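*Asks:* I'd like to go over a predicted model; first the sequence, then the structure.
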Amino acid sequence: MVDDPILVLAATGGQGKAVTDALLARGAKVRAMVRNPESPAARLLAVEGVDVVTGSLSDRLSLGAAMEGVAGVFAYTTPFDAGVEAEVAQGRAILAAAGEKRVPHLVFSSVAGADQGSGVPHFDSKARIEAELVSGDVPHTILGPTYFFDNALGGAQRLLSGALDLPLPSHKPLQQLARADHGAFAAGVLLNPTPYLGRRIELASDAPTPAQMAATLSGALGRVVRHEYFPLDAIGDPDMHAMWTFLDGPGYRVDIPTLHTAHPEISWTSFADWAQLTFAADH
């Protein structure tokens with residue numbers, strides 16, 4: 001167990017919270033950088049014994065202050081607030097601060113498929129950050145999560161009305177990841193970095209088809225859910241259109257059996273187990 005704290009950036013977001021929870025479960029000291037320390041989520045972290053500090057992913061000074069004396073950093077960037085160029089700027093600020101503070105190990109959460117020349121804007125922006133990380137001198141590990149199970153919850157009202165909207169053919173597998181599995185994997189890397197230094201590892205928990213997802217959700221919700229094909233041409237956002245075009249084409253390429261065999265310490269949640277856990281109280 002490392003003695004110095006692990007810094008988790010964007011610690012109240014979906015990824016950051018999962019990593020924080022996994023680190024706390026393993027008895028690690030955690031420092032969390034958040035935008036608003038007065039938010040309910042940040043206050044809860046403080047109650048759990050986390051050292052909560054204020055900062056922004058685009059502010060090198062606050063990043064550097066948060067990185068002082070840490071054993072490692074979990075970093076994540078997002079284009080969904082201000083676009084892909086702002087995301088690349090976040091990455092550069094993080095890498096600059098990490099280099100300046102001589103961070104011993106940086107775990108960067110990118111996305112699976114970022115190295116495939118996908119043409120997806122928010123994949124390509126992460127690929128640019130990855131390239132700068134690899135060419136620099138910050139010790140690092142890159143994780144590539146696939147589509148998260150709980151992205152299905154974005155259409156929760158539609159699910160409850162019996163429809164799973166996905167712009168994929170019913171029998172096209174979609175590699176997906178449980179946030180808890182992502183958090184557990186990242187925590188393991190942060191607490192035992194040596195075997196992972198310089199590696200890029202893509203992560204997936206399961207690969208159900210939309211038809212299988214709908215059948216599973218039907219059982220979990222206790223009502224019939226059907227996959228409704230949402231035409232690609234109906235997706236107005238260019239980034240999302242490009243992503244679903246990629247997923248309907250070459251898609252992610254995680255070797256799931258090999259990954260799971262190599263990492264038996266992770267529970268590797270099936271979509272069915274996730275659905276039962278998520279919706280069991282709904283009926």
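*Replies:* Here it is on my side, so go on.

*Asks:* Residue 32 reaches residue 13, doesn't it?
*Replies:* No: judged on CB atoms under 8 Å, residue 32 makes no contact with residue 13 at a distance of 10.6 Å. C-beta here means a position set from N, CA and C on the backbone, and glycine is covered the same way.

*Asks:* Between those two, point out the one with more neighbours.
*Replies:* residue 32 (30 against 17; other CB atoms under 10 Å).

*Asks:* For my notes, confirm the more buried one occurs in a helix.
*Replies:* No: counting by DSSP: H, G, I helix; E, B strand; the rest coil, residue 32 is located in no helix; its state is strand.

*Asks:* now it, nearest residue through space, not along the chain?
*Replies:* residue 11 (3.4 Å; CB to CB, 6 or more residues apart in numbering).

*Asks:* tally of neighbours for that neighbour?
*Replies:* 25.

*Asks:* Check the one 10 residues further on too.
*Replies:* The burial count assigned to residue 21 is 20, neighbours taken as other CB under 10 Å.

*Asks:* tell me the contacts of it?
*Replies:* When the contact criterion is CB atoms under 8 Å, 6 or more residues apart in numbering, the partners of residue 21 are 180, 183.

*Asks:* Can I take it that it is in a helix?
*Replies:* Yes: checked against three-state DSSP, residue 21 lies within a helix.

*Asks:* which residues of this protein fall in strands?
*Replies:* Per DSSP state E, the chain carries strands over the ranges 6-9, 30-34, 51-54, 72-76, 106-109, 140-145, 147-148, 163-166, 176-177, 200-203, 226-229.

*Asks:* Export those to a markdown table and append columns for distance to residue 188 and mean pLDDT.
*Replies:* Shown next, in a markdown table, are the strands of the chain (distance: least, CB to CB, whole Å; pLDDT from 0 to 100):
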| stretch | distance to residue 188 | mean pLDDT |
| --- | --- | --- |
| strand 6-9 | 12 | 98 |
| strand 30-34 | 15 | 97 |
| strand 51-54 | 21 | 97 |
| strand 72-76 | 12 | 97 |
| strand 106-109 | 10 | 98 |
| strand 140-145 | 10 | 98 |
| strand 147-148 | 19 | 96 |
| strand 163-166 | 31 | 94 |
| strand 176-177 | 15 | 98 |
| strand 200-203 | 11 | 98 |
| strand 226-229 | 34 | 96 |
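
*Asks:* Ok, which of these comes nearest residue 247?
*Replies:* strand 147-148 (7.4 Å; CB to CB).

*Asks:* Indicate each strand paired with that closest one and its parallel or antiparallel sense.
*Replies:* Partners of strand 147-148 in the sheet, by DSSP bridges, are strand 176-177 (parallel).

*Asks:* Verify the contact between the residue nearest to residue 32 and residue 50 for me.
*Replies:* Yes: between residue 11 and residue 50 there is a contact at 7.4 Å, judged by CB under 8 Å.

*Asks:* between the two, what contacts are shared?
*Replies:* 20, 30, 32.

*Asks:* tell me which helix or strand of the protein sits lowest on mean pLDDT?
*Replies:* helix 156-160 (a mean of 89; mean pLDDT, DSSP states H and E).

*Asks:* Residues contacting it, please?
*Replies:* 152-153, 164-165, 217, 221, 223, 225, 228, 282.

*Asks:* repeat that for 6 Å
*Replies:* residue 165 (CB atoms under 6 Å, 6 or more residues apart in numbering).
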